[in-house]
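J.: next come a sequence and a model predicted from it.
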Amino acid sequence: MGFETQDVERKALAILRVLNDSREPLGARIIARRLKDHGVELGERAVRYHLKLMDGQGLTRLVGRDGRLVTQLGIEELKSALVGDKIGFALSKIELLAFRTNFDLQTRTGPIPVNVSFFPKDQFRRALEVMQPAFAQGICAGHFVAIAQEGEKLGELTVPPGKAGFATVCSIIINGAMLKAGIPLNSRFGGILQIRNRHPFRFVELIHYSGSSLDPSEVFIRAGMTSVIAAATRGEGKILANFREIPALCAPMAKEIVMRLEEAGLRGPLVMGQTSEPVCEIPVELNRAGMILLGGLNPVAAAQEAGIEAKNYAMSTVMEYQDLLPFEEL
């Protein structure tokens with residue numbers, strides 16, 4: 001990137017991430033506020049200093065009086081720079097999104113985590129038809145969704161021109177609910193779960209969150225490693241799933257939370273194991289219980305299998321529960 005110190009480069013990359021997530025011009029004040037969500041303390045004046053440096057290098061461009069957009073060069077730099085700093089980035093996203101989840105189990109109100117996908121507008125209706133079996137069979141993190149047209153927003157993401165926006169419930173809803181109840185939850189990995197006779201059989205691929213700079217679900221979808229349509233229609237296939245662990249002592253409380261989430265239309269664990277026992281051939285630590293969560297992007301993976309590509313932003317933002325509607329009502 002050409003900055004004088006690595007510390008300056010890290011701050012510049014943090015600003016690029018905020019701009020890249022926004023999809024609309026942001027001023028220094030808003031950038032400084034959003035940086036705090038990423039654990040970066042940088043004042044408005046300092047943000048302006050970094051923005052001027054990045055303008056000069058073609059990484060950002062000025063829009064209007066104070067707004068900035070990330071350029072294509074900035075996006076490429078964000079993808080490649082300081083890869084060592086991005087190890088474990090997926091895990092940090094999970095923890096941040098869980099903290100931002102504030103769903104009230106009694107009133108069924110508050111923000112919940114979502115994945116956002118942008119489909120070609122002219123293929124969106126067909127995509128909904130392809131995704132229907134996955135929702136019908138419950139191969140998702142919840143049957144609530146949201147849609148938006150170009151220029152409209154889903155959480156903090158704006159739908160680009162020529163696209164239709166589609167938000168699905170993210171499995172981090174479990175993390176958020178457990179966190180609010182004081183239950184420590186260890187997010188271990190995302191993977192590909194093999195389904196046999198409509199039952200979970202074993203993980204065939206996995207990516208540990210702590211060692212990854214990418215979201216596992218996005219990687220598996222892009223690589224064409226799922227067969228969600230087959231799993232939904234024939235009960236035999238490979239789907240997106242995540243593995244978590246909780247202290248075994250917390251299992252009764254966790255089951256109560258899961259029951260109340262499911263009453264609200266939010267999918268609980270596909271499997272919750274016994275104390276210290278392996279779950280789908282995955283070993284579990286002593287005095288802990290393993291659980292398998294269904295990936296929220298499974299319906300989108302089905303669309304990809306049918307040749308309808310979408311740009312996915314897994315674990316990307318939160319939306320108010322009241323702003324979502326059941327998939328069946330679309």
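T.: Right, received. Where do you want to start? Numbers count the residues shown, from 1 in each chain.
J.: wait, Pro184 sits on Pro247?
T.: Yes. Counting by Cβ atoms under 8 Å, Pro184 does reach Pro247; the two are 6.4 Å apart. The way it works is simple: take the backbone N, C-alpha and C, and place the C-beta from them, glycine included.
J.: the two: which is more packed in?
T.: Taking neighbours as other Cβ atoms under 10 Å, Pro184 and Pro247 compare with Pro247 leading, 16 against 11.
J.: state the pLDDT value of the residue nearest to that one when sequence neighbours are not counted.
T.: In space, Pro247 comes closest to Arg288 once its chain neighbours are excluded; the distance is 5.9 Å by Cβ to Cβ, 6 or more residues apart in numbering. Looking at Arg288, its pLDDT reads 96.
J.: so who does Arg288 touch?
T.: When contacts are counted by Cβ atoms under 8 Å, 6 or more residues apart in numbering, Arg288 touches Asn186, Glu245, Ile246, Pro247, Ala248, Thr275, Ser276.
J.: please enumerate the helices of the stretch 1-150 of the chain.
T.: 6-22, 28-37, 44-56, 72-80, 83-86, 89-100, 124-136 (DSSP state H, counting those that start in this stretch).
J.: where do the strands sit along the stretch 101-250 of the chain?
T.: Taking DSSP state E, counting those that start in this stretch as the test, the strands found in the stretch 101-250 of the chain are 111-120, 144-148, 153-154, 157-158, 163-169, 186-196, 199-208, 237-247.
J.: circling back to that earlier point, closest one to Ala148 among the helices of the stretch 1-150 of the chain?
T.: Closest approach to Ala148 among the helices of the stretch 1-150 of the chain (Cβ to Cβ): helix 124-136, 10.9 Å.
J.: what is the burial count for Arg17?
T.: Applying the criterion other Cβ under 10 Å, we find 18 residues in the vicinity of Arg17.
J.: just give the closest residue to it, not the sequence neighbours.
T.: Closest residue to Arg17 apart from its sequence neighbours, by Cβ to Cβ, 6+ apart: Leu78 at 6.5 Å.
J.: one step back: so can I have TSV of the helices of the stretch 1-150 of the chain showing distance to Lys238?
T.: What follows is these, written out as TSV (distance: least, Cβ to Cβ, whole Å):
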stretch	distance to Lys238
helix 6-22	30
helix 28-37	34
helix 44-56	42
helix 72-80	27
helix 83-86	27
helix 89-100	20
helix 124-136	13
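J.: can you flag the weakest of those by average pLDDT?
T.: helix 83-86 (a mean of 56).
J.: residues near the nearest residue to Lys121 once chain neighbours are set aside, how many?
T.: Once flanking residues are discounted, Lys121 sits nearest to Ala164: 4.9 Å by Cβ to Cβ, 6+ apart. Number of residues near Ala164 (other Cβ under 10 Å) recorded here: 22.
J.: and what of Pro25?
T.: Each residue near Pro25 was counted by other Cβ under 10 Å, and the total is 17.
J.: check contacts around it.
T.: Contact analysis of Pro25 by Cβ under 8 Å, 6+ apart lists Val63, Gly64, Gly67, Arg68, Leu69.
J.: mind running it again at 6 Å?
T.: Val63, Gly67, Leu69 (Cβ atoms under 6 Å, 6 or more residues apart in numbering).
J.: repeat for Arg267
T.: For Arg267, counting by Cβ under 6 Å, 6+ apart, the contacting residues are Ala141, Gly142, Leu294.
J.: contacting residues for Leu35?
T.: Leu35 makes contact with Ala14, Leu42 under the criterion Cβ under 6 Å, 6+ apart.
J.: could you rerun that using 10 Å?
T.: Contacts for Leu35 were tallied using Cβ atoms under 10 Å, 6 or more residues apart in numbering; they are Lys11, Ala14, Ile15, Arg17, Val18, Glu41, Leu42, Gly43, Ala46, Val47.
J.: the last one contacts Arg29, correct?
T.: So that's Val47. Yes. Taking contacts as Cβ atoms under 10 Å, Val47 lies within contact range of Arg29: 8.1 Å.
J.: okay, whichever strand or helix holds Glu262 in PDB with CA atoms only?
T.: Secondary-structure element containing Glu262, defined by DSSP states H and E: helix 251-263. Extracted in PDB, the C-alpha atoms of helix 251-263 (Å, rounded to 0.1, in the frame of the first residue of the first chain):
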ATOM      1  CA  ALA A 251     -27.200 -27.700  28.400                       C
ATOM      2  CA  PRO A 252     -30.600 -27.600  30.100                       C
ATOM      3  CA  MET A 253     -30.700 -23.700  29.900                       C
ATOM      4  CA  ALA A 254     -29.500 -23.900  26.300                       C
ATOM      5  CA  LYS A 255     -32.400 -26.300  25.400                       C
ATOM      6  CA  GLU A 256     -34.900 -23.900  26.900                       C
ATOM      7  CA  ILE A 257     -33.500 -21.000  24.800                       C
ATOM      8  CA  VAL A 258     -33.500 -23.100  21.700                       C
ATOM      9  CA  MET A 259     -37.200 -24.100  22.300                       C
ATOM     10  CA  ARG A 260     -38.200 -20.400  22.600                       C
ATOM     11  CA  LEU A 261     -36.200 -19.400  19.500                       C
ATOM     12  CA  GLU A 262     -38.000 -22.200  17.500                       C
ATOM     13  CA  GLU A 263     -41.400 -20.900  18.700                       C
END
